[in-house]
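Novice: no sequence for this one, just the structure:
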Ligand SMILES: NC(=O)c1ccc[n+]([C@@H]2O[C@H](COP(=O)([O-])OP(=O)(O)OC[C@H]3O[C@@H](n4cnc5c(N)ncnc54)[C@H](OP(=O)(O)O)[C@@H]3O)[C@@H](O)[C@H]2O)c1
């Protein structure tokens, strides 16, 4: 078994390659230093050279606010780039696992979104990730789409690292308290993705750490676990005024995982504790 992983220089791709190494599975991780997936033929060239049995596609344009100002580039990477990879997977008849996001949903109500619920993204990033999903569903026969949320991991920047850095100079930090979702430790998600790609239980899944919180509650737990005295000042999304609108409700229903015989990820408090200890 040989697996090509995109996005190795990011949070999730890095942990997926590490997990494949742990399992002694041949893998090749690539980043934008190797190819620009938006370029026609670039993905085809590298995939056809390596000839993997599967591709785990973690690479993406992930700057959610910046995407509002440069939608063409975000589309090129997330929609066209994913189409380019999916087209090669189709041609070679190999498996593809695509990572998507809670931002494909509008976030209305308080119910947990199920994989089959209608998507209605609120921002450019979410729209381009949804277009990536459509490319995968349209082109690839043996596909997995895994929607995750609020990712943090050792390799790359994320909310946890930002909060810890800010706490070095600030006694109080304003954090949004009206968006609810699930933090996800990429080191916990990576083994699940490896289990999936080795299986034939294709489909669309939601996968995050268990439990939900607001960003303000998440920040509070980060400071508590890190022994910081920094105070969290809860503010609304309207007060924070980010360039990209975000869903208020990012609760994702994970029951498709258990129905297919996959393990659920641990609770986010536990995941955060392990991450902070590692840092
Ligand atoms: N982060 C989150 O909170 C979150 C939430 C939900 C879903 N997701 C999804 O989860 C996946 C992994 O996210 P992450 O947090 O690990 O992302 P990340 O840390 O931002 O890493 C993104 C990766 O994509 C690569 N990349 C970007 N543009 C590229 C291009 N044009 N050609 C080739 N490679 C390119 C980057 O390479 P370089 O470093 O070389 O540029 C990097 O390796 C993504 O699909 C993302 O949409 C993330």
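Specialist: Nice, thanks for sending it over. Keep in mind that what you see is a predicted model, and the values were worked out from it rather than measured.
Novice: state which helix of the protein is the longest.
Specialist: Across the chain, the helix with the greatest residue count (assigned by DSSP state H) is helix 124-139.
Novice: what about residue 99, helix or strand, and which?
Specialist: Using DSSP states H and E, residue 99 falls within strand 95-101.
Novice: residue in the protein nearest to the ligand?
Specialist: residue 10 (2.0 Å; CB to the nearest ligand atom). From N, CA and C alone the C-beta is placed, and that goes for glycine too.
Novice: re the thing from before, does the ligand sit close to the strand holding residue 99?
Specialist: Yes: against the ligand, strand 95-101 shows contacts by CB under 6 Å from any ligand atom at 99, 101.
Novice: distance between that strand and the chain's centre?
Specialist: 9 Å (CA atoms, centre = their mean, to the nearest Å).
Novice: what lines up beside it in the sheet?
Specialist: Strand pairing for strand 95-101, using DSSP bridges, gives strand 54-57 (parallel), strand 143-148 (parallel).
Novice: can I get these in a markdown table with mean neighbour count and mean pLDDT?
Specialist: A markdown table is the format used below for those (neighbours: other CB atoms under 10 Å; pLDDT from 0 to 100):
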| stretch | mean neighbour count | mean pLDDT |
| --- | --- | --- |
| strand 54-57 | 25 | 98 |
| strand 143-148 | 23 | 98 |
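Novice: export the ones you listed as CSV, with columns for distance to the ligand.
Specialist: Output for those, formatted as CSV (distance: least, CB to the nearest ligand atom, whole Å):
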stretch, distance to the ligand
strand 54-57, 7
strand 143-148, 5
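Novice: helices or strands up against the longest helix of the chain?
Specialist: Counting contacts by 3 or more CB pairs under 8 Å, 6 or more residues apart in numbering; DSSP states H and E, helix 124-139 is packed against helix 66-69, helix 71-75, helix 81-92, strand 95-101, strand 143-148.
Novice: pLDDT of that helix, averaged?
Specialist: The average pLDDT within helix 124-139 is 98.
Novice: kindly report the same for stretch 31-51.
Specialist: 97.
Novice: ranges for the strands of this protein?
Specialist: 2-6, 26-30, 54-57, 95-101, 143-148, 151-152, 172-176, 180-181, 184-185, 203-206, 213-214, 231-235 (DSSP state E).
Novice: and this structure, which of its residues are near the ligand?
Specialist: Within the chain, the positions lying close to the ligand (CB under 6 Å from any ligand atom) are 6-13, 31-33, 35-38, 58-62, 77, 81, 99, 101, 129, 148-151, 156.
Novice: what subset of the residues you listed is buried?
Specialist: Using 16 or more other CB atoms under 10 Å as the burial test, the residues of the chain next to the ligand include 6-13, 31, 35, 37-38, 58-62, 77, 81, 99, 101, 129, 148-151, 156 as buried.
Novice: just to revisit the earlier point, closest to residue 108 out of the strands of the chain?
Specialist: For the strands of the chain, the distance to residue 108 is smallest for strand 180-181, at 12.3 Å, taking CB to CB.
Novice: which outside residues touch the closest one?
Specialist: 102, 110, 149-150, 208, 212-214, 248-252 (CB atoms under 8 Å, 6 or more residues apart in numbering).
Novice: save those as TSV, and put in pLDDT too.
Specialist: Shown next, in TSV, are those (pLDDT from 0 to 100):
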residue	pLDDT
102	98
110	96
149	98
150	98
208	98
212	98
213	98
214	98
248	98
249	98
250	98
251	98
252	98
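Novice: against residue 72, how distant is the spatially most central residue of the chain?
Specialist: Nearest to the mean C-alpha position of the chain, by CA atoms, centre = their mean, lies residue 148 at 4.8 Å. For residue 148, the distance to residue 72 equals 25 Å [CB to CB, to the nearest Å].
Novice: and what of residue 34?
Specialist: When residue 34 is compared with residue 72 (using CB to CB), they lie 22 Å apart.
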